[in-house]
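> this one's sequence-less:
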Ligand SMILES: Nc1nc2c(c(=O)[nH]1)N[C@H]1C(S)=C(S)[C@@H](COP(=O)(O)OP(=O)(O)OC[C@H]3O[C@@H](n4cnc5c(N)ncnc54)[C@H](O)[C@@H]3O)O[C@H]1N2
Ligand code: MOO
């Protein structure tokens with residue numbers, strides 16, 4: 001679609017693709033991925049009766065005689081540690097702080113409650129957290145450390161997760177230098193050191209990075225290169241119409257379909273989403289650093305949410321604390337800071353398309369509609385993946 005508005009562009013990006021297939025990965029690798037199938041308990045939790053305290057497994061009322069014999073008959077006891085299996089015949093566990101040992105005799109100290117230990121006290125009964133086969137985590141859940149620990153205790157060594165999308169980066173520009181302070185006419189590469197980590201925070205793996213001159217043949221070859229196995233190519237620069245900008249011409253020559261051909265927003269308006277004839281997607285980000293970030297936040301975030309099996313990332317809202325002018329047919333993406341608890345958004349300074357200072361200082365990005373905003377009016381807000 002040619003130049004959709006900001007919210008239509010996000011929806012087009014989400015609808016451009018589908019969830020990737022499932023893959024079985026080691027438990028530790030599943031962090032941050034979405035579960036592809038419901039996770040069930042492979043054993044009851046806990047799977048045996050265990051002690052919740054260091055102390056004594058006792059049978060019957062006090063006092064008790066200390067023994068190694070099993071099963072425990074009434075009037076007998078033996079030491080036990082937290083987590084150990086409860087010996088047969090045990091009626092309760094007496095915590096060590098409340099135990100008085102005299103020779104081979106054990107009694108309850110004066111610090112204990114009069115009825116201590118109650119039957120079953122400090123005994124973790126089997127299956128109190130989950131029964132064997134019980135569903136513990138729903139398919140589609142984004143896996144956190146807590147989920148992985150639960151899966152491990154439920155007996156899982158691997159998990160079925162939605163495979164991470166592989167992304168090939170194609171960074172273009174004769175003038176772009178990879179390190180140091182560039183001379184006039186050249187610019188330091190703002191993307192190479194940053195995009196892999198940003199894409200990783202969105203669930204993707206960077207499968208390759210190439211730096212290209214502004215050369216259509218090189219760009220064509222890079223877009224046709226399938227060696228990295230990437231489902232998505234993310235390019236930077238060359239989205240414009242100058243003699244040094246080749247992305248549109250090369251995409252057209254390759255027979256790509258432009259799913260999003262520019263977005264009615266600033267910065268980031270020239271962003272492109274295209275599908276190559278073999279099905280791979282190309283996200284073309286403008287060269288201006290802030291514009292490229294807005295392209296990722298607008299098109300890349302919904303696209304990768306879909307590929308990683310997630311829901312559509314609904315925008316939050318934020319209230320403007322100052323008037324923000326609008327412009328017909330354009331959404332202004334405004335990096336903002338919150339002025340205090342419950343207070344509204346104030347635009348950061350230094351937020352030109354080629355600047356990064358404003359975004360670096362921002363709490364979020366406000367989407368100012370064409371009609372503009374008055375103080376107290378609400379607008380869509382894009383969350384920053386790194387906050
Ligand atoms: N006549 C017009 N000129 C421009 C228009 C327009 O509508 N008419 N649109 C402007 C807008 S908006 C944007 S955004 C840019 C889009 O530029 P391109 O995607 O074609 O990117 P380049 O021309 O290659 O570079 C633009 C700018 O970005 C710098 N750049 C490129 N790569 C990097 C990098 N890796 N790290 C840091 N900076 C980078 C590049 O040096 C340029 O300064 O076009 C406007 N022009
Ligand atoms: O995308 Mo451009 O200014 O709007 O940088």
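Ah, there it is. This structure is a prediction, so every number in the text was calculated from the model and none was measured. Ligands and ions are numbered 1, 2, ... in the order given.

> could I get the pLDDT score of residue 352?
Note for residue 352: predicted pLDDT of 92.

> ugh, typo on my part, it should be residue 110
If you check residue 110, the pLDDT there is 88.

> what segments of the protein are helices?
Counting by DSSP state H, the chain has helices at residues 6-15, 145-153, 195-201, 216-224, 247-253, 289-295, 301-307, 357-360.

> next one: residue 82 from ligand 2, what distance?
Using CB to the nearest ligand atom, to the nearest Å, we find residue 82 at a distance of 60 Å from ligand 2. Glycine gets a C-beta too; all of them are placed from N, C-alpha and C.

> what is the neighbour count of that residue?
14 (other CB atoms under 10 Å).

> residues in contact with it?
The contact partners of residue 82, by CB atoms under 8 Å, 6 or more residues apart in numbering, come to 51-54.

> sketch out the strands for the stretch 1-150 of the chain, chain order is fine.
22-26, 39-40, 50-51, 55-58, 64-66, 76-80, 92-95, 99-102, 105-108, 123-124, 135-137 (DSSP state E, counting those that start in this stretch).

> show which residues not belonging to the last one make contact with it.
Counting contacts by CB under 8 Å, 6+ apart, the residues outside strand 135-137 that touch it are 35, 38-41, 130, 143, 147, 150-151, 154.

> of these, which is the nearest to ligand 2?
Nearest to ligand 2, judged by CB to the nearest ligand atom, of the contacts of strand 135-137 is residue 143 at 35.2 Å.

> check contacts around the spatially closest residue to that closest one that is not a sequence neighbour.
Closest residue to residue 143 apart from its sequence neighbours, by CB to CB, 6 or more residues apart in numbering: residue 30 at 5.1 Å. Going by CB under 8 Å, 6+ apart, residue 30 touches 143, 148, 151, 159, 161.

> how near is residue 30 to residue 286?
35 Å (CB to CB, to the nearest Å).

> also residue 219?
15 Å.

> next one: residue 212
16 Å.

> same question, residue 144
For residue 144, the distance to residue 286 - CB to CB - is 34 Å.

> can you give me the first-to-last residue distance of stretch 121-140?
Using CA to CA, to the nearest Å, the end-to-end distance of stretch 121-140 comes out at 38 Å.

> ligand 2 contacts on the chain?
Counting by CB under 6 Å from any ligand atom, the residues of the chain close to ligand 2 are 266-270, 286, 288, 291, 353.

> let's see which of the residues you listed end up in strands.
Mapping these onto strands (DSSP state E) picks out residue 266.

> picking up where we left off before, wait, which of the strands of the stretch 1-150 of the chain is closest to ligand 1?
Nearest to ligand 1, of all the strands of the stretch 1-150 of the chain, is strand 22-26, at 31.7 Å by CB to the nearest ligand atom.

> averaged pLDDT, the closest one. What do you get?
Averaging pLDDT along strand 22-26 yields 98.

> that one pairs with which strands?
When pairs are called by DSSP bridges, strand 22-26 turns out to pair with strand 158-162 (antiparallel).

> which residues of the stretch 251-387 of the chain fall in strands?
Secondary structure of the stretch 251-387 of the chain (DSSP E, counting those that start in this stretch): strands located at 257-261, 265-266, 272-275, 281-285, 316-319, 331-338, 345-347, 364-368, 378-382.

> for the third one, what does the pLDDT average out to?
In other words, strand 272-275. Averaged over strand 272-275, pLDDT sits at 98.

> quick check: phi and psi on residue 374?
For residue 374, the backbone dihedrals (degrees, to the nearest 10) come out as phi -100, psi 160.

> for the residue lying closest to it once chain neighbours are set aside, list the residues it contacts.
Leaving aside its sequence neighbours, residue 374 sits nearest to residue 323 (CB to CB, 6+ apart; 5.8 Å). Residues in contact with residue 323 (CB under 8 Å, 6+ apart) are 372-375.

> check residue 55 too.
So residue 55 contacts 79-80, 93-99, 122 (CB under 8 Å, 6+ apart).

> and what of residue 249?
residue 216.

> likewise for residue 328?
Contacts of residue 328 by CB under 8 Å, 6+ apart are residue 370.

> now residue 253
Applying CB under 8 Å, 6+ apart, the residues contacting residue 253 are residue 220.

> so what pLDDT did it get?
97.

> distance of it from residue 289?
Residue 253 is 28 Å from residue 289, by CB to CB.

> can you pull the residues of the chain lying near ligand 1?
171, 173, 175-176, 187, 189-191, 236-240, 245, 267, 269-270, 286-289, 291, 353-354.

> are any of those buried, and which?
Buried subset of the residues of the chain next to ligand 1 (neighbour count, 16 or more other CB atoms under 10 Å): 171, 173, 175-176, 189-191, 236-239, 245, 267, 269-270, 286-289, 291, 353.

> the residue of the chain found nearest ligand 2 and residue 5, how far apart?
Nearest to ligand 2 in the chain, going by CB to the nearest ligand atom, is residue 353, at a distance of 2.7 Å. Residue 353 is 19 Å from residue 5, where distance means CB to CB.

> got the contact list for residue 344?
Residue 344 touches 318-322, 338, 375-376, counting by CB under 8 Å, 6+ apart.

> buried only: go through these for me.
318-321, 338.

> hmm, residue 37 and residue 138 touching each other?
No - using CB atoms under 8 Å, residue 138 is not in contact with residue 37, being 9.7 Å away.

> more neighbours: which of those two?
residue 37 (13 against 10).

> quick one, grab the pLDDT at that one.
For residue 37, pLDDT reads 96.

> same check on residue 294?
On the pLDDT scale, residue 294 gets 98.

> and for the nearest residue to residue 137 once chain neighbours are set aside, the neighbour number?
Excluding the flanking residues, the one nearest residue 137 by CB to CB, 6+ apart is residue 39, at 4.1 Å. By the criterion of other CB under 10 Å, residue 39 has 21 neighbours.
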